[in-house]
Structures are given as C-alpha cells and as structure tokens.
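K.L.:
Quick one: sequence and predicted model below, then my questions.
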Amino acid sequence: MVKRARPTILLTGVSGQVGFELMRTLQGLGKVVAADRSVLDLGDMDQIRRVLRDLKPALIVNPAAYTAVDQAESDVATAMRLNAEAPALLAEEAKRLGARIVHYSTDYVFDGTQSAPYVEDDPVNPQNVYGASKLAGEQAVAQCGCDYLIFRTSWVYAARSKNFLRTMLRLGAERDELSIVDDQFGAPTWANTIAALTSNVLAQAMVGAAEDWDSWWNAHSGIYHLTASGDTSWHGFASTIFELSGLDRKPVLKPIPSAEYPTPAKRPANSRLSCDKLEKVFGLRAPDWRDALQLCMAG
C-alpha cells in the first residue's frame with residue numbers, strides 16, 4: 001500500500017462549541033489548521049478565497065455558523081451570509097482544489113409536525129430564518145459538485161460558550177422557579193459527541209480507505225443525522241441538568257407549553273432525528289443523551 005501524505009485539514013469556527021472539540025479530536029488525522037475569526041472571517045468572501053487558495057487543504061471541516069436563532073429573525077442578511085453564502089463558497093473552493101468538505105446543519109430544517117423521528121430524505125420545511133439559512137447552506141454544499149459530508153445535529157451544548165446547559169445553571173443560581181417548555185422534543189447533543197463521531201468517520205476515510213481515498217468519498221458523500229441517542233423535552237433536559245448538578249439549592253421547574261413562552265423564531269415541536277443511517281453506513285451510534293450530559297458536567 002502506498003502511504004499518502006498527511007492531509008492538511010482546515011477547521012473553521014474553533015472558538016465555537018463544536019469547533020473547539022474538533023480542534024482536539026481531529027489531531028492525528030492530518031495537519032490541522034485551526035482558524036478562528038482573526039484568521040478566517042466567514043463574512044469576508046475575498047478572504048475565504050485567499051486563505052483557501054494559499055493553504056490548499058485536502059479537507060475543510062466547517063462547524064462555524066450564525067447560531068443566534070431569535071436574533072436571525074431581524075438579522076437575515078448576516079444569518080444568510082454566514083450560514084448559506086460562506087458554506088457555498090467553501091464548497092466552491094473545495095471543488096476547485098479537489099478537496100472535500102464536512103459541514104454541519106440542524107434539525108431546524110424540518111417543521112417538526114410529523115410524529116416520528118426525521119430521516120435524512122424527509123421533506124424539509126424550515127419555520128424560521130435560522131433554519132432557512134442552514135438549509136440554504138447544506139443545499140449549496142450538496143449541489144456544488146465536490147464530495148461532502150453534511151451532519152445534521154440538534155440541541156447542541158457544551159461546558160463552554162452560550163448554550164442551554166450553561167443558561168440553566170446560571171438562572172438556577174439566580175431564581176427560585178424557572179418555567180421551561182415541555183412540548184418540544186429532541187436529543188440534547190454534547191459538542192464532544194459530535195466531534196468524536198466526526199473524527200471517527202474521517203478516520204475511516206483516512207486510515208481504512210487510505211489506498212482509495214477518492215472512491216471512499218464518492219461512496220459515502222451525503223447527509224447524515226448525528227445526535228445523541230434518546231430524546232426528551234426542554235423541561236426534561238433542564239430537570240436532568242439540575243439532578244446531576246449537585247447543587248444544594250435547586251429551582252422549582254414549572255413545565256409550560258410553547259404558547260406561554262413566545263419567541264421571535266418559531267421552534268419545531270418535534271426535533272427528533274433518526275441516526276440509523278449513520279449507524280448503518282459507519283457503524284457508529286452516539287451515547288444516550290443522559291450519559292453524555294453526565295460526562296460533560298463531570299468534566
């Protein structure tokens with residue numbers, strides 16, 4: 001077998017939840033160039049072209065995104081630029097370079113009206129600007145003509161950055177009672193889980209298929225759902241956070257319907273994603289969301 005040179009991997013969004021974890025899990029798979037906004041501003045299309053053409057990566061991993069769901073309703077241009085136009089250009093440059101791209105999307109591409117977990121080819125119908133911008137991004141990547149992996153995930157949290165876990169712990173220390181939505185369902189997914197499974201998939205490409213890199217990507221390109229196993233409501237998620245927190249004083253959690261907690265952006269009632277395709281193709285299944293949450297909070 002001919003040994004391939006270590007590929008250069010361009011990783012965007014390294015200050016974000018998933019990017020921060022990928023910075024660690026991708027080590028060993030290639031030369032990782034970790035790009036924060038000071039190195040690669042995804043709002044600057046000229047800079048994107050310049051950085052990619054100078055670096056000539058074999059693989060682009062793009063977890064960077066505009067994730068302020070409610071703010072996106074009034075900041076449409078920025079959401080579309082970062083979530084749709086930037087990924088489109090990354091994919092266009094990947095095709096030009098003969099590179100591959102890994103991109104991340106969201107449960108919010110679906111409207112949440114069906115009762116069963118969504119599979120990859122279910123009809124998409126985003127209900128808010130964020131979901132629409134992410135859908136436009138994944139469609140641009142899929143249509144660009146380069147090999148790609150798109151991982152749709154949901155309810156992402158970590159021990160750092162802004163997310164539901166950290167918000168609950170902060171509010172729980174400030175208030176005696178919290179009202180939490182109990183009629184939206186999904187899988188809380190630890191950023192570390194996303195990074196670990198992504199790197200496992202890429203290891204299959206780089207190690208297991210080292211003799212036929214091109215054929216591996218041709219055979220495996222597509223959209224995959226990648227979330228924790230199991231599901232819960234936001235109220236159930238919050239309840240488990242405080243159960244595992246070890247806090248002496250815990251707030252009372254009041255379950256409420258979505259109608260009692262209006263937000264600028266409409267959320268899907270059913271955000272559950274079936275990850276059967278990921279398991280069938282790559283032999284991977286994420287841990288139960290409770291187990292992952294316990295590991296995250298223990299760290």
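P.N.:
Thanks, I have it. Given the structure is predicted, the values throughout are model-derived calculations rather than measurements.
K.L.:
so for stretch 153-169, what's the average pLDDT?
P.N.:
Averaged across stretch 153-169, pLDDT comes to 95.
K.L.:
ok, residues contacting it?
P.N.:
16-18, 20-21, 104-107, 178, 186-192, 194, 225-227, 234, 237-238, 241-242, 245, 271-273, 293, 296-297, 299 (CB atoms under 8 Å, 6 or more residues apart in numbering). Where C-beta positions appear, they are placed from N, C-alpha and C, glycine not excepted.
K.L.:
6 Å instead, please
P.N.:
17, 107, 186-189, 191, 194, 226-227, 238, 241, 271, 273, 296 (CB atoms under 6 Å, 6 or more residues apart in numbering).
K.L.:
Quick one: the strands in the stretch 1-150 of the chain, in order.
P.N.:
Counting by DSSP state E, counting those that start in this stretch, residue ranges of the strands within the stretch 1-150 of the chain are 8-11, 31-34, 59-62, 100-106, 148-153.
K.L.:
Run the chain-centre distance for the longest one.
P.N.:
When you say that, I think you mean strand 100-106. 8 Å (CA atoms, centre = their mean, to the nearest Å).
K.L.:
Ok, the second one next?
P.N.:
Distance of strand 31-34 from its chain centroid, counting by CA atoms, centre = their mean, is 19 Å.
K.L.:
Name the SS class of residue 244, please.
P.N.:
helix (DSSP: H, G, I helix; E, B strand; the rest coil).
K.L.:
The contacts of stretch 153-169: which two are farthest apart?
P.N.:
Pairwise distances across the contacts of stretch 153-169 (CB to CB) peak at 23.2 Å, for the pair 226 and 238.
K.L.:
what about the helices in the chain?
P.N.:
17-25, 45-55, 69-72, 76-80, 86-97, 129-143, 164-174, 191-203, 213-220, 234-245, 276-282, 289-298 (DSSP state H).
K.L.:
State the mean pLDDT of the shortest one.
P.N.:
Going back to what we said before, that points to helix 69-72. pLDDT averaged over helix 69-72 gives 97.
K.L.:
Which positions within that helix qualify as buried?
P.N.:
Of all the residues in helix 69-72, those buried under the rule 16 or more other CB atoms under 10 Å are 69, 72.
K.L.:
How about the last one?
P.N.:
Across helix 289-298, burial judged by 16+ other CB under 10 Å covers 289-290, 292-294, 296-297.
K.L.:
before we move on, the earlier item: nearest to residue 251, out of the helices of the chain?
P.N.:
Judging these by CB to CB, what sits closest to residue 251 is helix 164-174, at 4.8 Å.
K.L.:
Could you pull out the buried residues of the closest one?
P.N.:
Quick answer for helix 164-174 (16+ other CB under 10 Å): 164-165, 168-169, 172.
K.L.:
Same question for stretch 135-145.
P.N.:
Quick answer for stretch 135-145 (16+ other CB under 10 Å): 135-142, 144.
K.L.:
just stretch 280-289 next, same as before
P.N.:
The neighbour-count check on stretch 280-289 (16+ other CB under 10 Å) flags 282, 284, 286-287, 289 as buried.
K.L.:
Can I get the lowest-mean-pLDDT helix or strand in the chain in PDB, CA atoms only?
P.N.:
Sorting the helices and strands of the chain by mean pLDDT, DSSP states H and E puts helix 213-220 at the bottom, at a mean of 91. Only the C-alpha atoms of helix 213-220 are listed here, as PDB (Å, rounded to 0.1, in the frame of the first residue of the first chain):
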ATOM      1  CA  TRP A 213      -9.400   7.900  -0.800                       C
ATOM      2  CA  ASP A 214     -11.400   9.100  -3.900                       C
ATOM      3  CA  SER A 215     -13.600   6.000  -4.000                       C
ATOM      4  CA  TRP A 216     -14.400   6.300  -0.300                       C
ATOM      5  CA  TRP A 217     -15.600   9.800  -0.600                       C
ATOM      6  CA  ASN A 218     -17.600   9.000  -3.800                       C
ATOM      7  CA  ALA A 219     -19.300   6.200  -2.000                       C
ATOM      8  CA  HIS A 220     -20.100   8.000   1.300                       C
END
